[in-house]
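Novice: Quick one: sequence and predicted model below, then my questions.
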Amino acid sequence: MPTLAAMFPEGAKAALPGLAGGGEGARAFAGIRAPDGTLLHDCGTGASVTLTNRAEVAEIVFAGGAGYGDPALRPSDRVAADLLDGYVIGGGVAGAALPRAAE
């Protein structure tokens, strides 16, 4: 039985800017994926779609939060802890002075 889904991600068009030198947040996304993860339909800023296969996945990814402050000015041990805790990814700390691993 077909299923109608209204897919309207808030924040798909423009990322929220960071404050005080922080990086911008991630954009939202909505789409339909095949069971293997292949994107079948990108809903852009919004669309009503019909899922015709029980294995299709309706995916909505919410917009990510923007950064606050220049990561290059953050203490290196705090940046390293943020990376370990998954608060930021490597690209989000470009230019930050990270502590080196013990040799």
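Specialist: Here it is on my side, so go on.
Novice: C-alpha only now, for contacts and for neighbours.
Specialist: OK.
Novice: Excluding sequence neighbours, find me the nearest residue to the residue nearest the centre of the chain.
Specialist: With distances taken as CA atoms, centre = their mean, the residue of the chain nearest its centroid is Ala26 (4.5 Å). Leaving aside its chain neighbours, Ala26 sits nearest to Gly64 (4.5 Å; criterion: CA to CA, 6 or more residues apart in numbering).
Novice: Next up, the contacts around the residue nearest to the centre of the chain.
Specialist: With contact set as CA atoms under 8 Å, 6 or more residues apart in numbering, Ala26 has these partners: Ala15, Leu16, Ala63, Gly64, Gly65, Ala66.
Novice: The fourth one: how many residues sit nearby?
Specialist: Right, Gly64. For Gly64, the number of neighbouring residues by other CA atoms under 10 Å comes to 14.
Novice: tell me the SS of it?
Specialist: Three-state call for Gly64 (DSSP: H, G, I helix; E, B strand; the rest coil): coil.
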